[in-house]
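Undergrad: here is a sequence with its predicted model. Questions after.
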Amino acid sequence: MLEIADNGRTWLLTGPASGYAVHLTEDDELLHLHWGPRIALADAEALAVRPLPDYWPFESRLDGREEYPVEGGPRFVRPALSVRTDERRGTEWRFEAYEAEGDHLRLRFRDGGLAITLHYRMRQDVLERWVTLDNDGPALELLRADPATWTLPDREGWRLSQLHGRWAAESRLTGSLLTYGEKVIGSRRGHTGHQHLPWVALDTDATEERGEVYGCALGWSGSWRIAVAQLPDARVQITGGAGYDDSGLLRLEAGESYTSPVFAGLWSDGGFGGASRAWHAYQRAYVIPDADRDRPVLFNSWEATEFDISEEQQGTLARRAAAIGVELFVVDDGWFGKRVSDRAGLGDWTPNRDRFPNGLKPLADYVHALGMQFGIWVEPEMINPDSDLYRAHPDWVQFQPGRKRTEFRNQLVLNLAREDVQEYLWERLDGLLSGAPIDYVKWDFNRCFTDAGWPGEPYPQRLWVDHVRALYTLLDRLRAAHPDVAFESCSGGGGRIDFGIMSRTDQVWTSDNTDPLDRLAIQHGFSQIHPARVMAAWVTDSPNTQLNGRVSSLRFRFVSAMAGVLGVGGDLTQWTEEELAEAREWVTLYKEIRPLVQHGDLHRLRPPTGGLSAVQYVRGDEAVVLAWLQAQSYGEPVPALRLRGLDPTASYECLETGEVHRGGVLLHHGLRTGLRGDLDAAIFRLRRI
């Protein structure tokens with residue numbers, strides 16, 4: 001809901017539980033008034049008349065109170081907007097008008113030929129903010145154009161939570177006390193990155209289920225930056241957007257415009273769990289395509305075969321996958337060009353005729369006849385120097401003239417900002433999806449930007465932004481032309497996970513690390529912001545030869561992967577009949593609990609810090625608990641779990657044990673009998689009676 005004061009200079013946006021208010025002074029200073037629990041418009045108007053404090057010349061009365069600080073004037077905080085022309089740098093804007101359309105508020109300002117519009121839209125309790133810039137004057141350079149600066153209320157003892165990591169160890173949750181100065185996270189790698197997810201949360205005393213939490217998440221799939229600053233007067237602001245540094249985003253000529261990504265904010269008084277559930281509900285309602293559909297159980301051939309594939313061999317795997325209940329069969333890397341290793345073939349998106357003599361259609365038809373959907377792996381933004389495409393167009397890659405072209409994984413990055421590259425990829429991928437009955441595409445991105453140059457381009461820095469915008473356009477175009485094809489975002493695991501890519505893909509590959517114990521911590525961090533509906537997780541072979549050699553039971557591997565979108569990635573031709581029969585039982589059980597896992601409300605009962613960890617999903621009158629016993633020491637008993645999210649006045653039957661529980665009571669006896677030692681796991685289903 002959007003409310004506007006009679007004077008047209010105070011605006012209040014309200015969700016089911018939260019409110020957000022801003023005010024424009026008579027001097028056209030846009031001030032932040034409130035972000036937190038719901039308030040009335042009269043409360044916002046009362047806040048608006050409070051005078052700003054007076055400061056000595058060494059400080060600014062605007063700093064920490066201004067809604068969207070620009071560069072220039074009486075300000076010292078990090079600016080959200082930094083603009084440079086041939087004559088000057090900075091912004092001196094004047095308010096023009098506001099526009100209100102439903103829950104969408106637009107505040108319009110102008111600085112000479114540059115029109116600046118701040119956008120606000122409340123969806124549930126998530127406030128979306130972004131900025132559009134329209135230039136009708138002389139050319140100018142955008143150094144920064146962040147979508148938002150978020151201002152927190154005056155409190156002592158703010159704590160900062162973030163998700164950090166690296167390849168095969170993504171999305172690990174860490175927290176620390178916020179101190180004076182700035183904490184900056186981000187990526188200067190051209191994609192979202194494995195090192196940080198673009199999300200932060202701040203609290204003072206919140207627990208998993210109680211207390212106020214302020215969270216912010218950025219929807220951008222390229223380089224990005226979020227800065228959390230505690231200012232000299234202890235006030236806290238969060239500023240973030242596209243681009244890591246201030247070297248320049250774009251050059252806007254007369255008649256050109258720029259729309260920033262969305263920087264979303266959420267206030268919750270339900271602790272970290274309540275904040276997570278609010279983020280999840282928002283994404284299922286407004287971000288994830290077709291979020292109401294169940295994601296199928298898939299099999300992916302990579303860990304079974306790597307590059308050594310053939311049509312006959314894939315058919316053998318497909319028969320075994322269908323027999324255990326798999327619904328989607330995916331051929332990974334190695335089906336195209338001269339792709340017999342990672343040294344060749346990227347860019348040549350036609351089937352390898354030695355391996356698939358008649359293309360992909362015969363295998364796709366065979367997979368469909370087995371009752372499964374058919375999918376493939378692609379990496380369109382990359383190219384091998386040993387490829388027909390590179391030999392024909394060596395200028396199509398990112399490179400700096402006179403410098404060596406750096407290779408990672410024997411590949412270079414295509415300059416997707418070029419229109420000829422965009423059109424080539426459209427023609428190849430559209431032809432591929434039109435030429436065979438393909439239902440699913442795993443879209444990978446296996447190296448970062450290094451030599452991000454564009455010889456001959458007057459403003460080569462724009463490739464950092466235009467690459468991402470072209471990626472979005474290409475995915476949007478493919479989805480429109482092939483609406484029945486699902487897409488997965490992958491970047492060597494979890495290197496490209498954010499609201500921007502998630503609004504165009506059906507699920508994301510969480511990590512290349514498929515070890516079931518390691519995945520518990522990765523999935524715990526991932527769940528702080530993103531729902532299980534998009535979290536792809538595989539059951540692979542034991543020992544885990546891909547990463548750490550750890551031995552784990554099939555039971556533990558399945559229960560770990562069943563906390564998200566279940567997949568299987570092991571070599572099924574090497575599984576015993578007993579293992580295949582057990583796998584079939586787990587897949588059958590997953591299909592029964594899938595609506596709860598993929599669409600239910602998540603409660604993290606115990607974190608994966610050692611000993612017992614567990615999550616619970618609740619939907620309507622049903623709940624399911626997934627529990628993992630990582631280790632036991634000194635013969636200590638398995639602790640009980642207090643269930644959450646259930647009606648405390650109702651009774652629930654546990655289908656596994658036959659026990660009857662009151663909502664909110666302990667799950668106890670079943671845990672002790674169902675969990676039998678180190679690296680063990682169990683699932684408990686509960687229904688209201």
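TA: That came in fine, so what should we check first?
Undergrad: in a helix, residue 614, correct?
TA: No - using DSSP: H, G, I helix; E, B strand; the rest coil, the assignment for residue 614 is strand, not a helix.
Undergrad: let's see the pLDDT reported for it.
TA: What the model reports for residue 614 is a pLDDT of 97.
Undergrad: tally of neighbours for the nearest residue to residue 15 once chain neighbours are set aside?
TA: Using C-beta to C-beta, 6 or more residues apart in numbering and skipping residues adjacent in sequence, the residue nearest residue 15 is residue 125, 3.8 Å away. Yep, even glycine has a C-beta here, placed from its N, CA and C like the rest. Residues contacting residue 125 under the criterion other C-beta atoms under 10 Å number 23.
Undergrad: how about residue 112?
TA: 17.
Undergrad: residue contacts, it?
TA: residue 137 (C-beta atoms under 8 Å, 6 or more residues apart in numbering).
Undergrad: try residue 195
TA: Contacts of residue 195 by C-beta under 8 Å, 6+ apart are 164, 165, 166, 185, 187.
Undergrad: just the buried residues out of these, in PyMOL syntax.
TA: This is how PyMOL selects the buried members of the contacts of residue 195, with burial counted by 16 or more other C-beta atoms under 10 Å:
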select buried, resi 164+165+185+187
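Undergrad: restricted to helices, list the contacts of residue 195.
TA: Counting by DSSP state H, those place none of their members in helices.
Undergrad: from the contacts of residue 195, which land in strands?
TA: The strands, defined by DSSP state E, take in 164, 185, 187 from the contacts of residue 195.
Undergrad: using a markdown table, please lay out these together with pLDDT.
TA: As requested, the ones in strands among the contacts of residue 195 are arranged in a markdown table below (pLDDT from 0 to 100):
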| residue | pLDDT |
| --- | --- |
| 164 | 98 |
| 185 | 98 |
| 187 | 98 |
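Undergrad: which of the residues you listed sits closest to residue 580?
TA: Comparing the ones in strands among the contacts of residue 195 against residue 580 with C-beta to C-beta places residue 164 closest, at 38.4 Å.
Undergrad: show me what the closest one bridges to in the sheet.
TA: In this entry, residue 164 is beta-bridged to residue 172, residue 196, by DSSP bridges.
Undergrad: what does residue 224 give?
TA: In beta-bridge terms (that is, DSSP bridges), residue 224 pairs with residue 187, residue 242.
Undergrad: which residues touch it?
TA: 186, 187, 192, 198, 218, 240, 241, 242, 243, 244, 498 are the contacts of residue 224 under C-beta under 8 Å, 6+ apart.
Undergrad: pLDDT weak spots in the stretch 1-150 of the chain?
TA: Within the stretch 1-150 of the chain, no stretch has pLDDT under 70.
Undergrad: so which residues of it form strands?
TA: 2-4, 10-14, 18-24, 30-37, 81-84, 94-101, 104-111, 114-123, 126-135, 140-145, 148-151 (DSSP state E, counting those that start in this stretch).
Undergrad: right, and those - which one's nearest residue 277?
TA: In terms of C-beta to C-beta, the element of these nearest to residue 277 is strand 126-135, at 11.9 Å.
Undergrad: can you list the strands that the closest one pairs with?
TA: strand 114-123 (antiparallel), strand 257-259 (antiparallel), strand 263-268 (antiparallel).
Undergrad: the closest residue to residue 136 other than its chain neighbours and residue 85: what is the separation?
TA: In space, and not counting its chain neighbours, residue 136 is closest to residue 113: 5.1 Å by C-beta to C-beta, 6+ apart. In this view, residue 113 and residue 85 are 9 Å apart by C-beta to C-beta, to the nearest Å.
Undergrad: and what of residue 227?
TA: 25 Å.
Undergrad: alright, that wraps it up for me.
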